[in-house]
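K.L.:
task: produce atomic coordinates for the following.
(one chain, ligands or ions: 1)
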Amino acid sequence: MALKYSNKINKIRTFALALIFVGFAIMYLGLLFKDIVWLMLIAMVLGMGAIALSTVVYFWIGMLSTKAVPIECPSCGKHTKMLGRVDACMHCDQPLTMDPSLEGKEFDESYNSKKKQKEAPEQ
Ligand SMILES: [Zn+2]
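P.N.:
Below you'll find the predicted structure:
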């Protein structure tokens, strides 16, 4: 399959990490403009806001991890956690599904959305 999917928890973790870097970058920019006090203050507040947001995202990952299902990847044999009906292995990006009716079908992240679940036939 040409399309690459990555594990959701990993994706959110990457996002939270990126937010921390963005926050520090904004604060650093603020220091460059320390002669313009209001600009520096805005940059500091924005930077701290981004870092605070990343903390929130990290808490959110923690909450999600408790709901995630730990499984052994059939492809690489390592332990991974998956969220929703379809997800990818954390280690090898192997698409995985919780739903036997989706087995063998093309991996599609839209299976996680509510709309698609209604369209799927009831069992
Ligand atoms: Zn794997």
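
K.L.:
give me the buried positions along whichever helix in the chain runs longest.
P.N.:
Identified as the longest helix of the chain according to DSSP state H is helix 37-67. If you call a residue buried by 16 or more other Cβ atoms under 10 Å, then helix 37-67 has these buried ones: 40, 43, 46-47, 50-51, 53-54, 57, 61. The way it works is simple: take the backbone N, C-alpha and C, and place the C-beta from them, glycine included.

K.L.:
just checking, what packs against that helix?
P.N.:
The contact analysis (3 or more Cβ pairs under 8 Å, 6 or more residues apart in numbering; DSSP states H and E) places helix 37-67 against helix 8-32.

K.L.:
the helix it packs on to helix 37-67, inter-axis angle?
P.N.:
Compare the direction of helix 8-32 with that of helix 37-67 by axes from the mean of the first three to the mean of the last three Cα atoms, to 10 degrees and you get 170 degrees.

K.L.:
related to what we said a few turns ago, is the ion within reach of the helix or strand following the longest helix of the chain?
P.N.:
On the C-terminal side of helix 37-67, the closest following helix or strand by DSSP states H and E is strand 69-72. No: remark: strand 69-72 sits outside contact range of the ion, by Cβ under 5 Å from the ion, the gap being at least 8.8 Å.

K.L.:
any residues of the protein in contact with the ion? List them.
P.N.:
Close to the ion, as judged by Cβ under 5 Å from the ion, the chain has residues 73, 75-76, 89, 91-92, 94.

K.L.:
how about a cut-off of 8 Å?
P.N.:
When proximity is defined as Cβ under 8 Å from the ion, the chain approaches the ion at 73-78, 80, 89-94.
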